[in-house]
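S.K.: Everything below, folded, please.
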Amino acid sequence: MLLVKTRIGPSRVHGIGIFAAEFIPQGTVTWEYDPAFDTAYDEADIARMSPPARAQFRKYAYFDKELGRYVLCFDDLRFINHSADAPNISATPRRDVAARDIQEGEELLCDYTCFDDTYFAACASFLIADAQNKTAAHPDDAANGKQNQLA
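M.R.: Take a look at the predicted model:
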């Protein structure tokens with residue numbers, strides 16, 4: 001659950017991003033996993049989803065190794081974008097903390113590999129399947145209403 005004021009908007013990094021709507025001092029906990037808000041799913045739950053829903057889910061969910069489940073954030077944190085070079089959020093599967101002072105209007109960025117080292121491999125599998133035309137939908141395509149034919 002987000003613990004600081006934020007807004008979403010166009011990102012210079014990718015698509016939609018989440019931005020600070022207030023000054024956030026270094027060390028501030030900005031988000032914390034709350035099972036009352038953030039939902040955890042296992043592989044069986046995901047397999048029951050329609051292909052477009054599954055693609056949308058995988059675009060925004062992350063895998064929590066400790067829980068052994070995929071977590072979908074209830075709030076706008078799902079719009080946080082990746083930056084390996086200049087993250088301003090130190091992210092873990094259960095808590096995010098401001099790595100430095102963050103100015104109002106600044107985009108919140110984290111290094112996805114700090115909390116889910118499977119994310120980029122999963123994205124790559126979508127891209128490979130798309131290239132072979134054997135997937136129902138690539139995560140980005142699902143968000144844009146596009147769908148490939150099943151092989």
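S.K.: If you drop the residues flanking it in sequence, what lies closest to R12?
M.R.: Nearest non-adjacent residue to R12, counting by CB to CB, 6 or more residues apart in numbering: E107, 7.3 Å away. Every residue, glycine included, has its C-beta placed from N, CA and C.
S.K.: With G17 as the reference, measure out to the one you found.
M.R.: Separation of E107 from G17 (CB to CB, to the nearest Å) stands at 5 Å.
S.K.: likewise S83?
M.R.: Using CB to CB, we find S83 at a distance of 10 Å from G17.
S.K.: Assess the claim that D38 and V71 are in contact.
M.R.: Yes. With contact defined as CB atoms under 8 Å, D38 reaches V71; the gap is 5.5 Å.
S.K.: Helices along the protein, start to end?
M.R.: With DSSP state H as the criterion, the chain has helices at 43-47, 51-60, 119-131, 139-143.
S.K.: State the number of residues packed around T39.
M.R.: 14 (other CB atoms under 10 Å).
S.K.: who does it bridge with?
M.R.: L72 (DSSP bridges).
S.K.: residues touching it, list them.
M.R.: V71, L72, F74 (CB atoms under 8 Å, 6 or more residues apart in numbering).
S.K.: circling back: quick check: the residue nearest to R12 touching I18?
M.R.: Yes. E107 is within contact range of I18, at 7.1 Å (criterion: CB under 8 Å).
S.K.: More neighbours: these two, which one.
M.R.: More crowded of E107 and I18, by other CB under 10 Å: I18, with 24 against 20.
S.K.: Tell me the spacing between that one and R95.
M.R.: As for I18, its distance to R95 is 16 Å (criterion: CB to CB).
S.K.: which intervals of the chain have sub-threshold pLDDT?
M.R.: Under the criterion pLDDT under 70, the flagged ranges of the chain are 117-151.
S.K.: Report how many residues lie close to A36.
M.R.: Neighbour count of A36, defined by other CB under 10 Å: 7.
S.K.: Please read the previous query as pertaining to Y70.
M.R.: 22.
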